[in-house]
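Asker: give me coordinates for this.
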Amino acid sequence: MDETTPSEHLNPLQRFGRDIRQVRLARKLTQKHLATATGYSEGYVSKVESGALHRPSEKFAEGCDTVFGTGGLFAGMLRRIDEGDHPSWFAPYLNLEKKASRILTYETNLVTGIVQTEDFARAVFRVSNPRASAEAIEDKVAARLRRREVFERDTPPLLWIIHHEACLRTVVGDAKVMAGQLDHLLTAAASPQIELQIMPFSAGIPATSTMPFTVLRFPNSPTVLYTETRVGGRMHDSEHTVDAALDDYDLLRAHALSPDESLTLIKTLLKEYRA
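Answerer: Numbering: from 1, shown residues only. Purely as a prediction, here's the structure:
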């Protein structure tokens, strides 16, 4: 990033990095001092300041606020960058997803966002945002990949995914993109924090809801149901609605392939895409 570049020509992460650098210099601190104080490497600080990272960590932003005495300025800036790369109606869900202890999701058409690969997400965004610039698409892709950071928490959530077989057979991008996505699903399913099941076409009409939905459970807060339509997403917290969704999810799990059978199907489809 050129230091003479006008602010309006920088993307949000580049502006974030420039602000970090300006405050650091105003406090007469070197990159090495800031790295030591925040618990990161000098190279990491350099990448943040140049805008070279997909996204600085929340811990780093909070550390900068502590070192600089900026009272949550940079942590708040980072949150707003996150929200700006997503539709406004999706921001409340993202805030809750970061705090959830269990994420139960059912998808009917596309691989769920939190386990999408970079190439898969890019193909999805290109189709759904045909007039967006290449830079805007890349910002959305980076924001989607950042959702994986919930698994880096000290106590990461358990993610339970049920994909309808259509999610695996609907070609997004091309066969190479799909092969990369299915390979990533196999890797993700090997994590102790992720359970993956496939609802096969052979199961017939799904036992319950034919619409995708996600249930978020928390250690000390009520469970929340998230649903999404073409015009936006909605959070539901009424006990009756949430209980009905949990009953639906139990039925979907019962009718889906077992985790081992699901992996076998994914491997079969992966061979087809690679062929």
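
Asker: okay, domains of this structure per the record?
Answerer: 7-84, 88-274 (automatic domain parsing).

Asker: could these go into JSON lines alongside mean pLDDT?
Answerer: Putting these into JSON lines (pLDDT from 0 to 100) gives the following:
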{"stretch": "domain 7-84", "mean pLDDT": "87"}
{"stretch": "domain 88-274", "mean pLDDT": "91"}
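
Asker: mean neighbour count added to those, as CSV?
Answerer: The C-beta positions use only the backbone N, C-alpha and C, and glycine is treated the same way. CSV is the format used below for the domains of the chain (neighbours: other Cβ atoms under 10 Å):
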stretch, mean neighbour count
domain 7-84, 17
domain 88-274, 16
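
Asker: show me where the protein has helices.
Answerer: Shown for the chain, the helices assigned by DSSP state H span residues 12-26, 31-38, 42-50, 58-68, 73-84, 91-97, 118-128, 134-146, 165-169, 175-189, 239-255, 259-274.

Asker: which other residues reach the shortest one?
Answerer: When you say that, I think you mean helix 165-169. 107-112, 178, 182, 198-201, 265-266, 269 (Cβ atoms under 8 Å, 6 or more residues apart in numbering).

Asker: from those residues, which is closest to residue 159?
Answerer: Comparing these against residue 159 with Cβ to Cβ places residue 112 closest, at 8.7 Å.

Asker: pretty sure the closest one contacts residue 160?
Answerer: No - using Cβ atoms under 8 Å, residue 112 is not in contact with residue 160, being 10.6 Å away.

Asker: common neighbours of these two, please.
Answerer: residue 105.

Asker: coming back round to it: which one of the helices of the chain lies closest to residue 154?
Answerer: helix 58-68 (10.7 Å).

Asker: and the contacts of the closest one?
Answerer: For helix 58-68, using Cβ under 8 Å, 6+ apart, the contacting residues are 20, 23-24, 27, 29, 34, 37-40, 44, 48, 70-75, 77-78.

Asker: now the end-to-end length of stretch 169-181.
Answerer: Counting by Cα to Cα, to the nearest Å, you get 11 Å between the two ends of stretch 169-181.

Asker: quick check: residue 156 touching residue 191?
Answerer: No - between residue 156 and residue 191 there is no contact under Cβ under 8 Å: 9.0 Å.

Asker: make CSV from the helices of the chain and add distance to residue 233 to it.
Answerer: Listed next are those as CSV, based on distance: least, Cβ to Cβ, whole Å:
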stretch, distance to residue 233
helix 12-26, 22
helix 31-38, 34
helix 42-50, 31
helix 58-68, 23
helix 73-84, 13
helix 91-97, 6
helix 118-128, 14
helix 134-146, 15
helix 165-169, 19
helix 175-189, 23
helix 239-255, 14
helix 259-274, 26
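
Asker: out of those, nearest to residue 205?
Answerer: Comparing these by Cβ to Cβ, helix 239-255 comes nearest, at 10.0 Å.

Asker: so what's the residue most central in space within the chain up against?
Answerer: In the chain, the centroid-proximal residue (Cα atoms, centre = their mean) is residue 147; its distance is 2.4 Å. Going by Cβ under 8 Å, 6+ apart, residue 147 touches 94, 97, 113, 114.

Asker: against residue 37, how distant is it?
Answerer: 28 Å (Cβ to Cβ, to the nearest Å).

Asker: just to revisit the earlier point, which of the helices of the chain sits closest to residue 152?
Answerer: Among the helices of the chain, helix 58-68 sits nearest to residue 152 (Cβ to Cβ), with 9.4 Å.

Asker: residue 178 contacts residue 273, doesn't it?
Answerer: Yes - Residue 178 lies in contact with residue 273 (Cβ under 8 Å); the separation is 4.7 Å.

Asker: what residues are up against the spatially closest residue to residue 46 that is not a sequence neighbour?
Answerer: Taking Cβ to Cβ, 6 or more residues apart in numbering, and ignoring the residues beside it in sequence, residue 46 has residue 31 as its nearest neighbour in space, at 5.9 Å. Residue 31 makes contact with 24, 42, 45, 46, 49, according to Cβ under 8 Å, 6+ apart.
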